[in-house]
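Undergrad: Got a predicted structure plus its sequence, pasted below:
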Amino acid sequence: MGCALQHLPWYVEGGKNYPDDTSEKAAEIRELLRDTRFRKALSIGFDRQRFADVIWSGFGTSMQAGLSPQAWHYASPEGQAILKQWQQADIELDPEKANAYLDEIGFVDKNGDDWRDLPSGKDFELVIDFHDWGGSAKIQADAAAEMENQWETNLKLQVRPNNMLGSPDLQTRRTSGQLMVLGGAIAGVDEWTFPGSTFGIWGDWHFALESQWYNSGGKQGVQPLPGSPAEKLQALYTQGLQEPDINKRHEIIWEAIKVNIEEGPFVIGTVGNQPAPAILKNYMRNVLDFGVTGPWSPNEPNNQVPAQWWIDK
């Protein structure tokens, strides 16, 4: 048996962080997280193979965050091409280029303490929220610790893992746009039933407040800035919901992926497609030798039909 998973991505909140804080520092943090160069620096500022070795004992394929390669949006040659482009976007370790991005936006060491500071000179600490998303608190904790090590070493970026397991503030931080980076997991085979990672419209991942604005019809949250990625992705999502032609809906997915590639990443992928073996009794019959076991949108075992299995004893 196999699986189609994209495990342990980092959701970067590109919206309005700390909405009750009108200080200049909060505004600087918002602008930093919204800057494509900052997010690309994070993405190419760590070694995904080392991440796979430390967290997954070497299993998994280095890739950018996206849904399952088994998704029907990618069945055509054009779909396969855009998927490959997405999977490989900003995944190669390149500390020199990453640091050049950060220098370019004025995110440098201002006070000589060997850590990067905000352009104003104020101290900055990148907070990674994590809990047991994806099924394992230990995996999330180990992943956050590994990112702390790599981003601090490669980028001179001060990082603080923030264990939110069991915290009553977890959902508040997720839905109010207070998080900076959130550890999580992705699994899905259809972008329209699982649109959060591509379109950013679920209200507790990236674009938290902008997605609340969209889902409430403008009554809550924060309206996306004109021309912003959030505005573009919301428009594409609306277009897709109104499009009756399946192939044209696939093309809309591809357009959304291009926004993620060019202006993202908004969700920073690590490694995916880890094998998930399943043990079957030798008297079970008609069970396929490959299954999609990861996605949450369809019930497991997904592409299997248990009603067609039987026991032969």
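TA: Nice, thanks for sending it over. Bear in mind that the values here come from a model prediction, so they are computed numbers and not experimental data.
Undergrad: Let me see the ranges of the strands in the stretch 201-313 of the chain.
TA: 267-268, 271-272, 284-285, 310-311 (DSSP state E, counting those that start in this stretch).
Undergrad: can you tell me which of those the model trusts least?
TA: With a mean of 86, strand 271-272 has the lowest mean pLDDT of the strands of the stretch 201-313 of the chain.
Undergrad: from the strands of the stretch 201-313 of the chain, which stretch is densest packed?
TA: When you average the neighbours per residue for each of the strands of the stretch 201-313 of the chain (mean count of other CB atoms under 10 Å), strand 271-272 leads with a mean of 26. Heads up, the C-betas are built off the backbone N, CA and C, glycines and all.
Undergrad: Skipping its backbone neighbours, what lies nearest Leu126 in space?
TA: Spatially, and ignoring its direct neighbours in sequence, Leu126 is nearest to Val159 (4.9 Å; CB to CB, 6 or more residues apart in numbering).
Undergrad: how near is that neighbour to Val271?
TA: 19 Å (CB to CB, to the nearest Å).
Undergrad: same check, this time on Ala141
TA: 17 Å.
Undergrad: give me the low-pLDDT residue ranges for the chain?
TA: Applying pLDDT under 70 to the chain picks out residues 1-22, 134-135, 292-303.
Undergrad: List the residues that contact Met284.
TA: The contact partners of Met284, taken as CB atoms under 8 Å, 6 or more residues apart in numbering, are 309-312.
Undergrad: CSV for the residues you listed, including distance to Phe290?
TA: Formatted as CSV, these follow (distance: CB to CB, whole Å):
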residue, distance to Phe290
Trp309, 15
Trp310, 19
Ile311, 21
Asp312, 21
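Undergrad: Farthest pair within those residues?
TA: Across these, the longest distance by CB to CB is 10.2 Å; it joins Trp309 and Asp312.
Undergrad: List the residues that are in contact with both of those two.
TA: In contact with both Trp309 and Asp312: 284-285, using CB under 8 Å, 6+ apart.
Undergrad: So those two - more neighbours on which side?
TA: Trp309 (14 against 8; other CB atoms under 10 Å).
Undergrad: what separates the more buried one from Gly184, distance-wise?
TA: 33 Å.
Undergrad: And for Glu152?
TA: Separation of Glu152 from Gly184 (CB to CB): 21 Å.
Undergrad: Looking only at neighbour counts, state which of those two leads.
TA: Gly184 (23 against 15).
Undergrad: Now that one, what are its backbone angles?
TA: Note on Gly184: backbone dihedrals following degrees, to the nearest 10 are phi -160, psi -160.
Undergrad: all helices for the stretch 1-150 of the chain, in order.
TA: Along the stretch 1-150 of the chain, counting by DSSP state H, counting those that start in this stretch, helices occupy 24-34, 36-44, 48-56, 77-88, 95-104, 137-155.
Undergrad: CA atoms only: put the first one into PDB for me.
TA: Presented in PDB, the C-alpha positions along helix 24-34 are these (Å, rounded to 0.1, in the frame of the first residue of the first chain):
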ATOM      1  CA  GLU A  24       5.300  50.100  14.500                       C
ATOM      2  CA  LYS A  25       6.900  46.800  15.300                       C
ATOM      3  CA  ALA A  26       3.700  44.900  14.500                       C
ATOM      4  CA  ALA A  27       3.500  46.700  11.200                       C
ATOM      5  CA  GLU A  28       7.000  45.800  10.400                       C
ATOM      6  CA  ILE A  29       6.400  42.200  11.100                       C
ATOM      7  CA  ARG A  30       3.300  42.200   8.900                       C
ATOM      8  CA  GLU A  31       5.300  43.600   6.000                       C
ATOM      9  CA  LEU A  32       8.100  41.200   6.500                       C
ATOM     10  CA  LEU A  33       5.800  38.100   6.400                       C
ATOM     11  CA  ARG A  34       4.000  39.500   3.400                       C
END
